[in-house]
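> next input, structure requested:
(3 chains)
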Amino acid sequence: MNDVILETRSLSKHFGGLKAVDNVDMIVRSGAIHGIIGPNGAGKTTFFNLLTGLIEVTSGTVLFGGNNITNIPPERVAEIGMSRTFQNIKLFRFMTVLDNVKVGFHTRTRTGLFAAVARSATFRADEDFVTERGLELLDLVGLRKQAYNQAANPSYGTQRRLEIARALATDPKVLLLDEPAAGMNPSEKSEVMELIRKISSLGRTIVVIEHDMKLIMNLCGVITVLNQGLKICEGTPAEIRNNPDVISAYLGHSRGA
Amino acid sequence: MIAIFRTTQRHRGLSILACACLLLIVPFVIRGNDYLLRIAINILLYSVLATSLNIINGYSGQFNIGQAGFYCIGAYTAAILATRCGVGFWIALPVSGLIASASSVLLGIPTARLRGIFLAICTLGFSEIVRLTVLNWIEFTRGPMGIPGIPFPTVLGYEISTNFGFYFLILAIAAVALFVCFRVLNSRIGRAWIAIREDELAAKSMGIPTTRYKIYNLAFGTFWAGVAGCFYAYLSSYVSADSFTLDEGFAILCMVLVGGPGSLVGPIVGAFFLVVLPEMFRFLAEYRLVIFGLAILVTMHVRPQGIAGGGVFAALAPEAAGEGEKGAAS
Amino acid sequence: MDYYVQTLVDGIAQGSIYALMAIGFAMIMGILGLVTFTHGEVIMVGAFAGFYALTFLKTGIFIALVAGFAAAWILGLVIELICYRRWPKGPDETWLITTIGVSTVLKSGAQIVLGTEQQLVPDVYTGFWTFGGVRILHIQVFMLAVLFLLSAALWLFLKKTKTGLELKAVSMDKTAAALLGVDVRRILVVGNAIGCALCGVSGVLLGVYYNSVHAVMGGSAGLKSFASAVLGGLTSIPGAAIGGVLLGIFENVGVAIFSSGWRDVIAFLILIAVLLVRPSGLLGRKGAEKV
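Residues are numbered from 1 along each chain as shown, chains lettered A, B, ... in the order given. Next comes the predicted model:
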């Protein structure tokens, strides 16, 4: 088995009395495509927010490559190699498609104020690097042709792919995708599936939240199921499919009811 | 109007050259007329001020309405340096900017996480505190008496004592300010600021330390307000707190909003209109701020992105727009 | 000792004016979720309406209060029309910009129309009681009474009338309220007018208490109402009232320690401190942040 790259130990987030995420242990192995599923309100997005430092952890720890990264600020999370997309698309709408990706390169460039004014060698190297690699990433997600369009204009599916490209620009070891296929038609969905496989084959670990069972069963090696903040099981798609707890959770019964 | 901007966008080098020629010829045409020269100087001075505010409001989305406070700090720094320490213009200029920047950092550290009206009120309060401090700290600023007797600046051995000379001085300052802003905005730093304006959380998740960049942005923008303040002090050879009221801050804000926030040309267009408009209708001089307020309202109802805005988008990535056309053709 | 009690009494009296402003502000920003920058100018207009009623029409203080209420109500309707109607869903920045525009027009317009000098407001209730060395003016008690009466009226309005209940529904969730058949636009109009009208009344009291009104009084008044409302938590009406009274006390204590030149600075520093230490204010509910 591969090394563990991302791990949570009894990770919890409570909003007042509401246990949005409760004692979740999860292990993501390097190179895996790891799925997270669960009914609405199961705490999946909250879980991502905890991993990336967007909200504060109530208790428990997050380990990344063996280092404790619990509660470190989101900009540091991006720097050490974990990047994400958002369920409710959060693009920089008034920038070009390419500029959105260029922003993702922020931590990998060094141009300062004076370098920018003087257009020094650092600036030129940075800009060349960012433009070239940005266009490559747009090629990867199939948006090269729209590089100079405004990011707010393209279709829903395109915006989701752009978010993936932007997240990849930070050169993440682990890519977190929050419902990358939401609102897409079947052909777009299979394109996204292809894209995720392609990214995985380039050596990145992927954790994906998705509602579409078919997509997740086809894509993921390991799946974690959350319900009402609790992890109810974890395993291969075949194991998940036959787990009675999962079935009852999806039929609308909470555990113990 | 839009067509004009499109054309200028396409032939940018040419239009900049044309503007430069025009700006260099104009003073010779109106050389004998001090009144017109003074208006021209005001337009350029307010262009620098509006640009400085636009860097903050238009690009990083931090709603600052207290720019007059930083303008005031710049002017008083220059006045005190020139009259007490005998410092020359060329040293006073950057020092004024830096002191304004430094004070903006002091304001920015506690207020960086505020947005919208909360930040707006804090900047407003800051501007008032600066003015009240200037009024009450009599040993240092001479309080309500103001500081008179600021000498004429000397540039390359020539003493600048006429409006004709001041015109070229502020033209040079404005050109440098615009050039520097253009280059910074079209770099990784500018992109980070715009990303923060568009979506702060996403910017954070892309690895941008947003708090630091917001303070950075505030410091960079207010630097130019300080520089403008220094020029103003030398221009009028006298500074007093009366010149830096909240109304002055609103006037600057109005130029940005009417001209088009988030574009480099916008604030200049705004400064031009709002300096010239009250002059064209002299009987309206008293109504200057009423006109400004109405201009904001009309802009919001008729063209919310501002005269030269929308604008926002094309002007942000002028180089990209060119490449895009090439890309489409190939 | 007496000196401190006196400062406290004056602080509470002044605070009752701030409380009224802050309630109006909390109504608009906290309950309706709008953003306003015209607040100070509404107070100024109310103050002038009261001033004209008292001096030219020679009415009593009650009619003056009604005049302030009515003038500010009408102004509230105009503000809604200009600043909010086209953008019922925001964004906040748009409201901020439009209300800054209206505020600038009103403030500079008032300086032209009403002049830049202070106008002397005739005395109302000049009597006072003395307790040891402490003096309580009748007008101070009167202001407190107005605050209590209007708060009670507002409370009854919110609890007992259909419009009041609809207002509460809108404050919880505009979309859901609309689905339940609430005319959200009407509620915004009415709520905004009520918020402004309360400020108009506070303006009249401000003029009467200080014996003066002037065209640029809005700036400082607006800052005070904002600071009080934030101190109280913005979303809570009782909170705003408490915040106003507290601000009045802090300010008078501060002025007693430093000098009256720094009066506005004290309010501003309190505002900054609250925003930094406890942005949700004393009684505000914490907004659940949705990422």
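> could you list the residues in contact with stretch A:151-159?
A:89, A:91-97, A:99-100, A:143, A:146, A:162, A:183-185, A:188, A:191-192 (C-beta atoms under 8 Å, 6 or more residues apart in numbering or on different chains). Heads up, the C-betas are built off the backbone N, CA and C, glycines and all.
> which among those residues count as buried?
A:89, A:91-92, A:94-97, A:99-100, A:143, A:146, A:162, A:184, A:188, A:191-192 (16 or more other C-beta atoms under 10 Å in any protein chain shown).
> what about the contacts of stretch A:151-159, which are in helices?
A:Val97, A:Asp99, A:Asn100, A:Leu162, A:Glu188, A:Glu191, A:Val192 (DSSP state H).
> near chain A, which residues of the stretch 151-300 of chain B are found?
By C-beta under 8 Å from any C-beta of the partner chain, the residues of the stretch 151-300 of chain B that approach chain A are B:180, B:183-184, B:186-192, B:194-195, B:197-199, B:201-210, B:220, B:262.
> contact residues of the stretch 151-300 of chain B facing chain C?
B:201, B:246-247, B:250, B:253-254, B:257, B:286-290, B:292-297, B:300.
> ok, 10 Å please
B:201, B:205, B:245-247, B:250-251, B:253-254, B:257, B:261, B:286-300 (C-beta under 10 Å from any C-beta of the partner chain).
> what is the mean pLDDT for stretch C:72-86?
In this model, stretch C:72-86 has an average pLDDT of 91.
> quick one: check it for contact with chain B.
Yes - among the residues of stretch C:72-86, C:Ile82, C:Cys83, C:Arg86 lie within reach of chain B under C-beta under 10 Å from any C-beta.
> could you give the number of residues near the residue found closest to the last one once you drop the neighbours it is linked to in the chain?
Taking C-beta to C-beta, 6 or more residues apart in numbering or on different chains as the measure, C:Arg86 lies nearest to B:His301, with 6.8 Å between them; neighbours along the chain are not counted. B:His301 has 12 neighbouring residues, counting by other C-beta atoms under 10 Å in any protein chain shown.
> check what pLDDT B:His301 gets.
The predicted local confidence for B:His301 is 87.
> now name the helix or strand holding it.
helix B:288-302 (DSSP states H and E).
> mind listing what's buried along that helix?
B:Arg288, B:Leu289, B:Val290, B:Ile291, B:Phe292, B:Gly293, B:Leu294, B:Ala295, B:Ile296, B:Leu297, B:Thr299, B:Met300.
> could you do stretch A:64-80 as well?
A:Phe64, A:Gly65, A:Ile69, A:Thr70, A:Ile72, A:Pro74, A:Glu75, A:Arg76, A:Val77, A:Ala78, A:Glu79, A:Ile80.
> of these, which belong to helices?
A:Pro74, A:Glu75, A:Arg76, A:Val77, A:Ala78, A:Glu79, A:Ile80.
> how about CSV for the residues you listed, with distance to C:Leu156 and pLDDT added?
Converted to CSV, those look like this (distance: C-beta to C-beta, whole Å; pLDDT from 0 to 100):
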residue, distance to C:Leu156, pLDDT
A:Pro74, 47, 91
A:Glu75, 50, 90
A:Arg76, 53, 91
A:Val77, 52, 91
A:Ala78, 53, 91
A:Glu79, 57, 90
A:Ile80, 58, 90
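> and those near chain B, which?
A:Pro74, A:Glu75, A:Arg76, A:Val77, A:Ala78, A:Glu79, A:Ile80.
> most widely separated two among these?
A:Pro74 and A:Ile80 (11.1 Å; C-beta to C-beta).
> pull up the overlap in contacts between these two.
Common contacts of A:Pro74 and A:Ile80 (C-beta atoms under 10 Å, 6 or more residues apart in numbering or on different chains): B:Gly207.
> up against chain C, what does the stretch 151-257 of chain A have?
Checking the stretch 151-257 of chain A against chain C by C-beta under 10 Å from any C-beta, there are no hits.
> now do the same contact list for B:Ile296.
B:250, B:253-254, B:257-258, C:97-105.
> can you add neighbour count and give those residues back as CSV?
Below are the contacts of B:Ile296 laid out as CSV (neighbours: other C-beta atoms under 10 Å in any protein chain shown):
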residue, neighbour count
B:Phe250, 26
B:Leu253, 29
B:Cys254, 27
B:Leu257, 30
B:Val258, 28
C:Ile97, 26
C:Thr98, 26
C:Thr99, 25
C:Ile100, 27
C:Gly101, 28
C:Val102, 23
C:Ser103, 26
C:Thr104, 28
C:Val105, 23
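> redo those residues as TSV? Include secondary structure and pLDDT.
Shown next, in TSV, are the contacts of B:Ile296 (DSSP: H, G, I helix; E, B strand; the rest coil; pLDDT from 0 to 100):
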residue	secondary structure	pLDDT
B:Phe250	helix	90
B:Leu253	helix	92
B:Cys254	helix	91
B:Leu257	helix	89
B:Val258	helix	88
C:Ile97	helix	90
C:Thr98	helix	91
C:Thr99	helix	92
C:Ile100	helix	91
C:Gly101	helix	92
C:Val102	helix	94
C:Ser103	helix	92
C:Thr104	helix	91
C:Val105	helix	92
